[in-house]
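In: Sharing a model that was predicted from the sequence below.
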Amino acid sequence: MKLKHLIILSLATLGAQTCLAQANVPEDFKPSTLNQPGQMYPQVNSQGYVRFRIVAPSADNVKVSLGLGGRGGTRLTKTTDSIWTGVEIRS
């Protein structure tokens, strides 16, 4: 039982650190100049963060990767309207 509580606490701590890290991301995102015409996502900000928005109503999880360092990508978070969003650093 103690192991279960330790795992839950560890996951909660990791989630809180992720939220705090993303809270410091400047909100000056603009559509990438490499996007297809008329597409608003992905967006890039002044510090090299990339914001993704993907509509995938039947997906169980979504992960994106810029392929820049082998970190395994970023898991996106599903909103109530089946849109997956997240931010990854590109530098």
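Out: Everything's here; your move. Numbering: from 1, shown residues only.

In: List the contacts of the residue lying closest to residue 57 once chain neighbours are set aside.
Out: Distances taken as Cβ to Cβ, 6 or more residues apart in numbering place residue 82 nearest to residue 57, at 3.7 Å, with adjacent residues excluded. To be clear about C-beta, it is placed using only N, CA and C from the backbone, and glycine gets the same treatment. Contact partners of residue 82, counting by Cβ atoms under 8 Å, 6 or more residues apart in numbering, are 55-57.

In: need the contact list for residue 35.
Out: Applying Cβ under 8 Å, 6+ apart, the residues near residue 35 are 41-42.

In: Distance check, it against residue 58.
Out: To residue 58, residue 35 is 25 Å away according to Cβ to Cβ, to the nearest Å.

In: cool, residue 43 as well?
Out: Using Cβ to Cβ, we find residue 43 at a distance of 24 Å from residue 58.

In: repeat for residue 67
Out: Note on residue 67: its distance to residue 58, by Cβ to Cβ, is 26 Å.

In: One more: residue 31?
Out: Separation of residue 31 from residue 58 (Cβ to Cβ) stands at 26 Å.

In: The two: who's more crowded?
Out: Applying other Cβ atoms under 10 Å to residue 31 and residue 58 shows that residue 31 carries more neighbours, namely 14 against 5.

In: Quickly list what that one is bridged to.
Out: Beta bridges link residue 31 to residue 43, judged by DSSP bridges.

In: who are the neighbours in contact with it?
Out: Here residue 31 is in contact with 39-43 (criterion: Cβ under 8 Å, 6+ apart).

In: please redo it, this time with the cut-off set to 10 Å
Out: In this structure, residue 31 makes contact with 38-44, 51, judged by Cβ atoms under 10 Å, 6 or more residues apart in numbering.
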